[in-house]
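S.K.: What shape does this take:
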Amino acid sequence: MLLALAPLLRANDYQVSEASTGEECLRRVREERPELILLDVLLPDISGLEVYRRIKADPESQNILVILISGKLTASGSRIAGLDVGADEYIARPIALPELLARLRSLQRLKEALDELRAADLRLRETNEAIERSVAQRTAQLEAANRNLCAEICEHVRAEQSLRESEKRYRTFLETAPDIIYNLSIEGTFTSLNPAFEKITGWSREQWLGQHYSAIVHPHDLPKVTDSFRRLVRGEDPRLLEIRFRSQRGEYLFGDIIGTAEIKDNQVVGLFGFGRDITKRKTGRTTIERRVCCHAHPRGGG
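M.R.: Presented below is the predicted three-dimensional model:
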């Protein structure tokens, strides 16, 4: 399987590091820190499940995507056991290459989107917690006595400085992020766009603030985008979408988008989302598929 699969992955623009035993796999993980691991359940030395447990037990490697794969342990019980230990996916061989590549891309997109959302959520929670701590400390100090006034003022100053630094980091994140970060009103109009929007689409942000998202989405993709928007407004979980959106040059670009509801007083007041330009990846894959098609259906007789 290793000899067959590694060249195919390299041919599809993956950088591949090979290991034929569990111990060799663990060593390469420590040295190379890959983004994703295809791990056979049956290995010559130790179980693939044991290798998985060691990877996830190490804080340095616990966030690496791990896909368990097997051509023998394909029964439902084996798959359940693999998923129960926490594997991101369990694939039973044989599996067609297009399906395998689709699963890899899907997991990678989901991880990237979730990482971005978790980072943004963490920053927001840290800011809120800093404000809450400041307010609680100030209230307690005011009730204590006049002798604590100096300490209360010092703490308040430190909290405000921390808040300003957090806000500065968040603004820096918005201004320098390579992906589009946007806010939508409850009616679906853009209320904010970061500079990446201009770089990717060619439009100025001012042209689209107050405009409805439907004006930039490809007509064929608009139904699923509208359905996703309505789901988020109802408070349902976010889902990653692949769409086409219009650039200033008039052409349509491909993108992965994911959004989440902004909630205030237990009500959805808008949407916050990310958009990633995948046009080069899509057009590259289309070129590869066309080349494969040409090889599969040559003109003329042999």
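
S.K.: Could you measure from residue 51 over to residue 64?
M.R.: Applying CB to CB, to the nearest Å, the value for residue 51 to residue 64 is 12 Å. Every C-beta, even on glycine, is put in place using the N, C-alpha and C of the backbone.

S.K.: Quick check: residue 199 is in a strand.
M.R.: No. The assignment for residue 199, made by DSSP: H, G, I helix; E, B strand; the rest coil, is helix rather than a strand.

S.K.: got a list of what it touches?
M.R.: Not one residue lies near residue 199 by CB atoms under 8 Å, 6 or more residues apart in numbering.

S.K.: can you do 10 Å?
M.R.: Contact partners of residue 199, counting by CB atoms under 10 Å, 6 or more residues apart in numbering, are 178, 180, 277.

S.K.: got any residues that touch both of residue 51 and residue 64?
M.R.: Counting by CB under 10 Å, 6+ apart, the common neighbours of residue 51 and residue 64 are 29, 37.

S.K.: Who has more neighbours out of these two?
M.R.: Taking other CB atoms under 10 Å, residue 51 and residue 64 do not tie; residue 51 has more neighbours (25 against 17).

S.K.: isn't the more buried one right up against residue 58?
M.R.: No. Applying CB atoms under 10 Å, one finds residue 51 not in contact with residue 58, separated by 11.4 Å.

S.K.: Show me which of the contacts of residue 199 is closest to residue 238.
M.R.: residue 180 (15.4 Å; CB to CB).

S.K.: ok so, going back, joint contacts of residue 51 and residue 58?
M.R.: With CB under 10 Å, 6+ apart as the test, residue 51 and residue 58 both reach 26, 29.

S.K.: What segments of the stretch 201-302 of the chain are strands?
M.R.: Under the criterion DSSP state E, counting those that start in this stretch, the stretch 201-302 of the chain contains strands at 241-246, 252-264, 267-277.

S.K.: Now render the ones you listed as TSV, adding mean pLDDT, distance to residue 137 and mean neighbour count.
M.R.: Below are the strands of the stretch 201-302 of the chain laid out as TSV (pLDDT from 0 to 100; distance: least, CB to CB, whole Å; neighbours: other CB atoms under 10 Å):
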stretch	mean pLDDT	distance to residue 137	mean neighbour count
strand 241-246	94	43	18
strand 252-264	93	25	19
strand 267-277	93	29	19
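
S.K.: quick one: low-confidence parts of this protein?
M.R.: Residues of the chain that meet the criterion pLDDT under 70 lie in 71-88, 142, 145-154, 156-159, 161-163, 170, 285-302.

S.K.: Mind naming the longest helix for it?
M.R.: Assignment by DSSP state H gives helix 97-144 as the longest helix of the chain.

S.K.: Which residue would you name as the spatial centre of this structure?
M.R.: residue 113 (1.7 Å; CA atoms, centre = their mean).

S.K.: per the record, what domains does this structure have?
M.R.: Annotated domains of the chain cover 21-95, 114-176, 177-302 [automatic domain parsing].

S.K.: Reformat the ones you listed as a markdown table; add distance to residue 6.
M.R.: Shown next, in a markdown table, are the domains of the chain (distance: least, CB to CB, whole Å):
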| stretch | distance to residue 6 |
| --- | --- |
| domain 21-95 | 10 |
| domain 114-176 | 27 |
| domain 177-302 | 18 |
